[in-house]
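Enquirer: Here is my input; please provide its structure:
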Amino acid sequence: HAMSHVASIAELFGGGLAATWYAGSREGAGDVAVYFSTQASENAPWSPAREIVTRASATRELRRYIRKVGNPLLFSDPDGRLWLLYVTVSIGGWSGSSLNVTMSEDEGLTWTRARRLTLSPFLNLSELVKNAPVPLSNGGWAVPIYHEFIATFPEVLWLRGRDGDLVATKSRMGAGWYGYQPAVLPLEADRALALLRDDDEEKTIAIAPSQDAGRAWSPPEPADLPNPDSGLGAIRLTDGRLLLAFNDSRQGRENLRLAMSNDEGRTWARIATVAEEPGADFSYPFLLQTSDGDVHLV
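Expert: Here you go, the predicted model:
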């Protein structure tokens with residue numbers, strides 16, 4: 001494909017990995033589909049990519065006209081189910097998007113009929129997703145999402161219940177903030193950090209803390225790390241350290257670096273260059289630590 005974008009990766013219940021992304025002739029084109037592939041074990045080849053969401057399938061399942069599909073987010077639950085959130089647009093650009101959910105109980109072979117999440121009583125538009133969800137201690141998920149209509153700002157999507165009675169609500173991270181496409185890192189029972197993509201003059205990653213399990217967030221502070229208005233990926237490792245994948249630049253996406261924090265995000269040290277090539281585009285990293293402790297990046 002000429003364009004391949006916004007990948008995510010999840011651990012399969014019996015071991016192995018699954019990945020999704022969207023691809024087509026160009027971003028937003030009618031031929032764009034969400035693709036899916038699995039890897040049975042560490043050295044095994046990835047299965048041939050196959051379409052799991054197309055414009056036609058989304059139009060049929062959601063019973064509404066779908067002009068384009070985008071941003072898929074894949075994750076697995078403790079019972080071995082795979083969940084897929086993905087974005088559809090019926091009218092206009094990404095600011096007119098909706099979020100939809102489907103689930104698989106057979107490691108991605110078959111998927112339930114997708115349904116649109118109703119997150120607003122009125123327009124119910126402009127919700128997009130990019131980064132990994134955080135499992136909640138009482139079951140369910142906190143999914144970092146963002147809004148792009150008129151203004152960009154970060155939000156949290158709260159998912160609770162099962163597929164048939166899945167309850168979805170959302171809360172804003174803060175009023176009047178800059179920054180979007182958050183990654184949420186739980187620190188302990190009630191404390192978390194959000195790392196934010198910068199669409200402001202600062203051109204630095206911003207970090208906002210929460211002391212009450214993500215219901216309220218303090219205003220973001222700029223970190224000592226550049227951001228060229230590009231997506232970032234970040235996770236809390238099982239040993240408590242924070243790992244970040246980012247474009248280490250204020251103007252382009254020619255490199256992809258890893259940085260680590262040992263002090264809950266106050267300071268960061270660059271630890272590796274994943275890719276660097278003049279004129280190239282290494283964007284939208286997504287990180288996962290599997291149950292064996294390995295870290296995977298797509």
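
Enquirer: I'd like the average pLDDT over the strand or helix carrying residue 100.
Expert: When elements are assigned from DSSP states H and E, residue 100 belongs to strand 97-104. Strand 97-104 carries an average pLDDT of 94.

Enquirer: name the helices or strands packed onto that strand?
Expert: Contacting strand 97-104 under the criterion 3 or more C-beta pairs under 8 Å, 6 or more residues apart in numbering; DSSP states H and E are the following elements: helix 55-62, strand 82-89, strand 115-116, strand 127-129. Using the backbone N, CA and C atoms, a C-beta is placed for each residue, glycine as well.

Enquirer: Parallel or antiparallel, list what pairs with that strand.
Expert: Partner strands and pairing direction for strand 97-104 (DSSP bridges) are strand 82-89 (antiparallel), strand 115-116 (antiparallel).

Enquirer: So what's the gap between that strand and the chain middle?
Expert: Centre-to-centre, strand 97-104 and its host chain are 13 Å apart (C-alpha atoms, centre = their mean, to the nearest Å).

Enquirer: same question, stretch 40-54
Expert: A distance of 19 Å separates the centroid of the chain from that of stretch 40-54, by C-alpha atoms, centre = their mean.

Enquirer: who's in contact with that stretch?
Expert: Residues from elsewhere that reach stretch 40-54, judged by C-beta atoms under 8 Å, 6 or more residues apart in numbering: 15-16, 19-20, 23, 33-39, 57, 69, 72, 84, 86, 102, 108, 111, 114, 294.

Enquirer: Only whichever of the residues you listed are buried, select them in PyMOL.
Expert: If you want just the buried ones from the contacts of stretch 40-54 in PyMOL, going by 16 or more other C-beta atoms under 10 Å, the selection is:
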select buried, resi 16+19+20+23+33+34+35+36+37+38+39+57+69+72+84+86+102+108+111+114
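
Enquirer: about what we covered before: to residue 274, which of the strands paired with strand 97-104 lies closest?
Expert: Taking C-beta to C-beta, strand 82-89 is the member of those nearest to residue 274, at 25.3 Å.

Enquirer: in this protein, which segments are predicted with low confidence?
Expert: Segments of the chain classed as low confidence (criterion: pLDDT under 70) are 120-125, 162-164, 175-178.

Enquirer: before we move on, the earlier item: quick one: which of the strands paired with strand 97-104 is nearest residue 158?
Expert: Of all these, it is strand 82-89 that lies closest to residue 158, at 12.9 Å by C-beta to C-beta.

Enquirer: show me what contacts the residue located most distally from the centre of the chain?
Expert: Distance to the chain centre peaks in the chain at residue 278, reaching 26.3 Å (criterion: C-alpha atoms, centre = their mean). For residue 278, the residues meeting the contact criterion (C-beta under 8 Å, 6+ apart) are residue 254.

Enquirer: Any idea what the nearest residue to residue 127 once chain neighbours are set aside is bridged to?
Expert: Setting aside the residues directly before and after it, residue 127 is nearest to residue 99 in space (C-beta to C-beta, 6 or more residues apart in numbering), at 4.7 Å. Per DSSP bridges, the residues bridged to residue 99 are residue 87.

Enquirer: is it true that residue 99 touches residue 129?
Expert: Yes. Here residue 99 lies in contact with residue 129, judged by C-beta atoms under 8 Å, at a distance of 6.2 Å.

Enquirer: what residues do the two have in common as contacts?
Expert: The contact sets of residue 99 and residue 129 overlap at 85, 86, 87, 145, 157 (C-beta under 8 Å, 6+ apart).

Enquirer: Including distance to residue 232, could those go into CSV?
Expert: Below are the shared contacts of residue 99 and residue 129 laid out as CSV (distance: C-beta to C-beta, whole Å):
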residue, distance to residue 232
85, 19
86, 20
87, 18
145, 15
157, 18
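
Enquirer: Farthest-apart pair in the residues you listed, please.
Expert: Those two in the shared contacts of residue 99 and residue 129 that are separated most widely, counting by C-beta to C-beta, are 86 and 157, at 13.1 Å.

Enquirer: Mutual contacts of the two, please.
Expert: Taking C-beta under 8 Å, 6+ apart as the contact rule, the neighbours common to residue 86 and residue 157 are 99, 129.
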